[in-house]
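1. Let's see this in three dimensions:
(2 chains)
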Amino acid sequence: MPEFYDVGVRFWEENLESYANKLGFKGICCFSQGGNGVEIVGKTPSDLKFKKTGVILFSSDKPELLRKACRKDVDLLFFPKFIPDVALIRAAAESKKPFEIPVSLLLKRKGVERGLLISRIGFFIKVCEKLSADFVITSGASSKLLMKSPAELVAIGEMLGLSHDKAVSSISIIPEHVLERVR
Amino acid sequence: MIKPTMRERKRYIRVRFEGAELSEREATEVINAAVLEFLGELGFSKLNPKLVEFKNNEAVILCSHSEVQKLKAALALVDEIKGKTGCIRILRVSGMMRKVM
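-> Numbering: from 1, shown residues only, chains lettered A, B, ... in the order given. Next up is the predicted model:
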């Protein structure tokens, strides 16, 4: 039985880890004050100068910035537009930096918008698989109620077009490597 | 009478509603709305979800065996129950009613 990790929680409160354990996760990574990760929102190239503390998630709307971030000491990449930029995905694959796919983005949208986003993420994942780039499915939760269990994340991963095994590895093996690298 | 081999295979899913207290009727409405929103009418017909038991904000849903992952995804994408932030937690999946209890 694989061990599951949620490396995209966006809030922190007491007993959060034990709550995540109850849901079925062995470990989590929180990108908020008090957590073990830092989210850097990249707008200009100067945002690439940072001091490494814990897990670094670099998010940006600009593919060029994310491409540069692949050469830096970041652990996760987040590209909210999910445009299948081949150069970016290839750079991420070469530097073995996984992309984050937060489920919270789907929760925030309804109807047509959600449908279009699922299609965009599905195609992005397809290109990632073709170019051997890694990705992790996370909850991206901003409260306890929005956290998802591993079974739910796997089911959503399958809806995005992943095979069962690939969906499982995107919440177990790949995030485990990310957390190991930081330890 | 239909032969056992021709019978449709089914799965029971036990879920818990978090964030709001619901009645059985409201629970059915939440589940149906979630499935219809995510999978549409065709998906709903293939899934054929039925609420078979409801107690203490926990429900057992019966659905088609081949579509169980779709039901899980549809329920996982619920973030609002009765106008409040809430979720549906999937607790257990089984082919037998007594095993999910």
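2. what's the burial count for the closest residue to A:Ser143 other than its chain neighbours?
-> Spatial nearest neighbour of A:Ser143, chain neighbours left out: A:Phe11 (6.2 Å); criterion: Cβ to Cβ, 6 or more residues apart in numbering or on different chains. All C-beta atoms are positioned from the backbone trio N, CA, C, and that covers glycine. Per other Cβ atoms under 10 Å in any protein chain shown, the neighbour tally for A:Phe11 reads 17.
3. again, but for A:Gly37
-> 24.
4. distance between the ends of stretch B:13-24?
-> When the termini of stretch B:13-24 are compared using Cα to Cα, to the nearest Å, they are 16 Å apart.
5. same deal with stretch A:161-175?
-> Chord length of stretch A:161-175, first to last residue, is 19 Å (Cα to Cα).
6. A:Lys68 contacts A:Pro45, correct?
-> Yes - between A:Lys68 and A:Pro45 a contact is recorded at 6.9 Å, counting by Cβ atoms under 8 Å.
7. More neighbours: which of those two?
-> Using other Cβ under 10 Å as the criterion, A:Lys68 and A:Pro45 rank with A:Lys68 on top: 18 against 11.
8. Grab the nearest non-local neighbour of the more buried one.
-> In space, A:Lys68 is closest to A:Leu48, 5.8 Å off (Cβ to Cβ, 6+ apart).
9. Could you double-check that the one you found lies in contact with A:Leu65?
-> Yes - at 7.1 Å, A:Leu48 counts as touching A:Leu65 under the criterion of Cβ under 8 Å.
10. and residue 82, what pLDDT?
-> Since no chain was named, I'll use chain A. Looking at A:Phe82, its pLDDT stands at 94.
11. Chain B was what I was after
-> Model confidence at B:Lys82 (pLDDT) stands at 90.
12. Cool, thanks, signing off.
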